[in-house]
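Undergrad: This is the structure alone, sequence omitted:
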């Protein structure tokens, strides 16, 4: 009996270790899972998203025909962090929120310290997005705010991609007016999900980005030695990209090479990349050097392997 118990304990331990290792070592974005649910609940969503794509393509074509661009126009978006917590580790500090905001601004302005890691073949495509972020200074009612609000829960709630954290009635916090703010919910996410976002076209009541608490900012949470390899704030960079209507760089086509990320200056890519691939990294869709753009923020590579938008 003792041997049987030891054997069972060993199996359970190995299984748990494998699951934990998979969660820790592989980026898991829940955006497409959330989108699939929203499309089932709202059949008109797909049509609205297609209309947004047509409007985008029309605008780009019009600007190109005029020989114009918006390089001198910077758009600044007010941000509110909704922090939902039970434990001290989940109650991330104001400093972590500010560190995250700073990292977003660096990444979206192409001023990130690792910009020089972009391979020479992709340097000409790497770009400043001319989008910046600031903490909200006023609430929807006009009161002064730090742009950070908190809700403490009496028990340790683990949220999924069903948007419960976005409603006060389901242990969450209600969104601020999405016409005026980028809502970022920070909470404990289940299933190894690091974050997810809602694409343009969805409901204003759930509009924004959700982040696993230990992925926020570029400094460790209290009680955590490190969120590595997701400790440089790039989960937010990736998810805000979705919120701004960027899809995954491989087009979420199941490695068929027939999908597209709707961005003309990114190579065709078979599927997501994990970890920190060595350059050049090729696949079935881009079989020759320079291969795929695995350092694009819209891939699944580790934070220290991402360094560019196009």
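TA: Looks like it came in fine. As the structure is a prediction and not an experimental result, all values here were calculated from the model.
Undergrad: what residue lies at the spatial centre of the protein?
TA: Centrality entry for the chain: nearest residue to the mean C-alpha point is residue 239, 1.9 Å, by Cα atoms, centre = their mean.
Undergrad: In this structure it contacts residue 28, no?
TA: No - look at residue 239 against residue 28 with Cβ atoms under 8 Å: they stay out of range, at 11.8 Å. Where you see a C-beta, it was placed from the backbone N, CA and C, and this is true even at glycine.
Undergrad: all helices for the stretch 101-250 of the chain, in order.
TA: 120-123, 234-243 (DSSP state H, counting those that start in this stretch).
Undergrad: so what does the longest one touch, helix or strand wise?
TA: Judged by 3 or more Cβ pairs under 8 Å, 6 or more residues apart in numbering; DSSP states H and E, helix 234-243 is in contact with helix 94-108, strand 182-187, strand 195-197, strand 209-212.
Undergrad: Turn these into a markdown table, including mean neighbour count, distance to residue 128 and mean pLDDT.
TA: Listed next are the helices and strands packed on helix 234-243 as a markdown table, based on neighbours: other Cβ atoms under 10 Å; distance: least, Cβ to Cβ, whole Å; pLDDT from 0 to 100:
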| stretch | mean neighbour count | distance to residue 128 | mean pLDDT |
| --- | --- | --- | --- |
| helix 94-108 | 20 | 8 | 97 |
| strand 182-187 | 26 | 19 | 98 |
| strand 195-197 | 27 | 21 | 98 |
| strand 209-212 | 26 | 21 | 98 |
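Undergrad: want to try TSV for the ones you listed, with distance to residue 304 as columns?
TA: What follows is the helices and strands packed on helix 234-243, written out as TSV (distance: least, Cβ to Cβ, whole Å):
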stretch	distance to residue 304
helix 94-108	12
strand 182-187	22
strand 195-197	17
strand 209-212	18
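Undergrad: Nearest to residue 282, out of these?
TA: helix 94-108 (25.5 Å; Cβ to Cβ).
Undergrad: Mind listing residues that contact that closest one?
TA: 79, 81, 83, 111-113, 128-129, 131-135, 146-148, 186, 216-219, 221, 232-234, 236-237, 240, 297, 309 (Cβ atoms under 8 Å, 6 or more residues apart in numbering).
Undergrad: What of stretch 48-60?
TA: 199-201, 245, 262.
Undergrad: CSV please, covering the helices of the stretch 101-250 of the chain and showing mean pLDDT and distance to residue 140.
TA: Shown next, in CSV, are the helices of the stretch 101-250 of the chain (pLDDT from 0 to 100; distance: least, Cβ to Cβ, whole Å):
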stretch, mean pLDDT, distance to residue 140
helix 120-123, 98, 41
helix 234-243, 98, 19
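Undergrad: How many residues are close by the closest residue to residue 145 other than its chain neighbours?
TA: Leaving aside its chain neighbours, residue 145 sits nearest to residue 139 (4.8 Å; criterion: Cβ to Cβ, 6 or more residues apart in numbering). Other residues within reach of residue 139 by the criterion other Cβ atoms under 10 Å amount to 15.
Undergrad: What distance do you get for residue 139 to residue 265?
TA: Separation of residue 139 from residue 265 (Cβ to Cβ, to the nearest Å): 39 Å.
Undergrad: got any ranges where the stretch 1-150 of the chain has weak pLDDT?
TA: Applying pLDDT under 70 to the stretch 1-150 of the chain picks out residues 1-25, 68-71.
Undergrad: cutoff 90 now
TA: Applying pLDDT under 90 to the stretch 1-150 of the chain picks out residues 1-26, 57, 59-73.
Undergrad: same check, this time on the stretch 151-300 of the chain
TA: Those would be 217-228, 253-256, 259-260, if you go by pLDDT under 90 across the stretch 151-300 of the chain.
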